[in-house]
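Enquirer: Structure of the sequence below:
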Amino acid sequence: MFVDKVLGVKNKPKNSGFSLTEMLLAIGILSVGMVFIAGVFPVAIHFMTVSTERTIAAVVADEAFAKIKLYAHPDPAGPDTNEINLTALPIAGHAYFRDKRIFPVMAYIDPNEEFTYPSTDTDISQKHYCFSALCRLTAPNSRLVQVTVFINRKTGPILRYYAPNILPDPGTAGYGVVDFSKAVDWPRPVKVAVDVATRSNELRIDYTNAKEKTFFNDGCRIVDNAAGRIYRVMERYAPPNDNLVLLDGDWQGGPHGYVWVVPPPVNGGRYPCIAVYQKEIRF
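Expert: A predicted model of the protein is given here:
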């Protein structure tokens with residue numbers, strides 16, 4: 001004490017606290033940090049969901065290929081002894097692999113049959129995934145069939161989806177195109193006409209109903225009707241060019257053709273298609 005007085009130094013308190021300015025600054029920094037940390041959780045949940053669904057999609061695809069291999073068999077009564085008869089499949093309707101240029105819908109989803117997953121669960125309300133398959137002969141008089149499987153989710157118990165027309169015979173112009181007068185309980189691919197645009201990686205949607213443009217959203221997958229090639233839609237342009245889509249690669253088909261795409265729910269909602277798998281199976 002004496003030394004402090006001699007040197008003219010004032011006594012300092014032993015427990016000095018933070019000032020109000022320092023406290024406000026610390027709280028502000030902490031708040032900003034918490035906001036960034038909180039923003040990570042939705043992203044993490046999204047990617048965790050995507051990872052889980054892709055894992056499930058691979059399992060569903062393996063089951064789909066196995067069922068197609070199990071049920072399909074040669075058709076000895078057909079005009080071509082190399083035809084594959086799908087009447088044994090538990091589906092509504094059937095198709096023969098007759099023409100390598102035709103890419104007919106083989107499996108239409110019936111929730112009371114074997115195209116939903118998990119297949120071991122008898123309660124249809126607990127089945128959240130389904131598959132739909134497209135099949136094409138790789139060459140005339142061939143037993144090698146290209147099978148493309150769409151893995152879809154059922155995102156809600158009351159959602160309805162656009163239905164493909166199955167009344168014409170496979171290969172006819174109206175087969176597989178969307179039937180706007182009907183809606184179904186489970187998502188399935190429909191056929192939409194397209195034309196080649198100015199750029200090699202662009203397609204023009206040749207729609208008869210403006211709703212068909214909404215089937216092509218960023219990230220969705222489409223399958224060429226003629227060759228079975230799978231493309232990913234990188235972008236559907238904004239109006240007035242909203243009938244043009246940008247693909248992830250150059251279009252390998254002709255100037256006019258059809259593609260298969262899984263539409264969103266009738267009243268809007270999440271894109272139901274999780275993944276598309278393709279495999280060649282010899283029957």
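Enquirer: for the record, mean pLDDT for the longest helix belonging to the chain?
Expert: In the chain, taking DSSP state H as the definition, the longest helix is helix 20-71. Averaging pLDDT along helix 20-71 yields 81.
Enquirer: Who are the packing partners of that helix?
Expert: The contact analysis (3 or more C-beta pairs under 8 Å, 6 or more residues apart in numbering; DSSP states H and E) places helix 20-71 against strand 116-117, strand 129-137, strand 144-153, strand 273-282. (C-beta placed from N, C-alpha, C; glycine too.)
Enquirer: what sits up against the last one?
Expert: Contacts of strand 273-282 with the rest of the structure, by C-beta atoms under 8 Å, 6 or more residues apart in numbering, involve 53-54, 56-58, 61, 64-65, 68-69, 129, 138, 143-153, 187, 220-221, 223, 228, 230, 262.
Enquirer: ok, it: who's next to it in the sheet?
Expert: Sheet pairing of strand 273-282 (DSSP bridges) gives strand 144-153 (antiparallel).
Enquirer: Can I get the strand it pairs with as PDB, trimmed to CA atoms?
Expert: What follows is strand 144-153, C-alpha atoms only, in PDB (Å, rounded to 0.1, in the frame of the first residue of the first chain):
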ATOM      1  CA  LEU A 144     -31.000 -61.500 -74.100                       C
ATOM      2  CA  VAL A 145     -33.400 -58.900 -72.700                       C
ATOM      3  CA  GLN A 146     -32.500 -55.500 -71.500                       C
ATOM      4  CA  VAL A 147     -34.400 -54.800 -68.300                       C
ATOM      5  CA  THR A 148     -34.700 -51.300 -66.900                       C
ATOM      6  CA  VAL A 149     -36.200 -51.000 -63.400                       C
ATOM      7  CA  PHE A 150     -37.600 -47.800 -61.900                       C
ATOM      8  CA  ILE A 151     -37.500 -47.800 -58.000                       C
ATOM      9  CA  ASN A 152     -40.200 -45.500 -56.600                       C
ATOM     10  CA  ARG A 153     -41.300 -44.300 -53.200                       C
END
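Enquirer: got the angle for that strand vs strand 129-137?
Expert: 160 degrees (axes from the mean of the first three to the mean of the last three C-alpha atoms, to 10 degrees).
Enquirer: what pLDDT, on average, does the next helix or strand after strand 144-153 get?
Expert: Sequence order places strand 161-164 as the next helix or strand after strand 144-153, per DSSP states H and E. Regarding strand 161-164, the rounded mean pLDDT is 87.
Enquirer: Show me what the helix or strand that strand 161-164 is followed by pairs with in its sheet, parallel or antiparallel.
Expert: Proceeding N to C from strand 161-164, the next assigned helix or strand is strand 178-184, under DSSP H and E. Strand pairing for strand 178-184, using DSSP bridges, gives strand 161-164 (antiparallel).
Enquirer: Name the residues that touch the strand it pairs with?
Expert: Contacts for strand 161-164 (C-beta under 8 Å, 6+ apart): 105, 108, 176-180, 182-191, 211, 215, 263, 265-266, 272.
Enquirer: Filter these down to the buried ones.
Expert: 105, 108, 176-179, 184-191, 215, 263, 265, 272 (16 or more other C-beta atoms under 10 Å).
Enquirer: contacting residues for Pro187?
Expert: Ile109, Cys130, Ser132, Asn152, Arg153, Lys154, Tyr161, Val262, Pro263, Pro265, Pro272, Cys273.
Enquirer: Identify the bridge partners of the third one.
Expert: Right, Ser132. Under the criterion used (DSSP bridges), Ser132 bridges to Phe150.
Enquirer: thought it was touching Ile166?
Expert: No - assessed by C-beta atoms under 8 Å, Ser132 is found out of contact with Ile166, at 11.9 Å.
Enquirer: So for those two, which residue has more residues nearby?
Expert: Ser132 (25 against 18; other C-beta atoms under 10 Å).
Enquirer: which sections of this structure are below the confidence cut-off?
Expert: Within the chain, the segments meeting pLDDT under 70 span 1-16, 71-114, 120-125, 140-142, 168-171.
Enquirer: How about the secondary structure of Trp186?
Expert: coil (DSSP: H, G, I helix; E, B strand; the rest coil).
Enquirer: pretty sure it is in contact with Thr116, am I right?
Expert: Yes - counting by C-beta under 8 Å, Trp186 touches Thr116, with 7.3 Å between them.
Enquirer: Brilliant, that's me finished.
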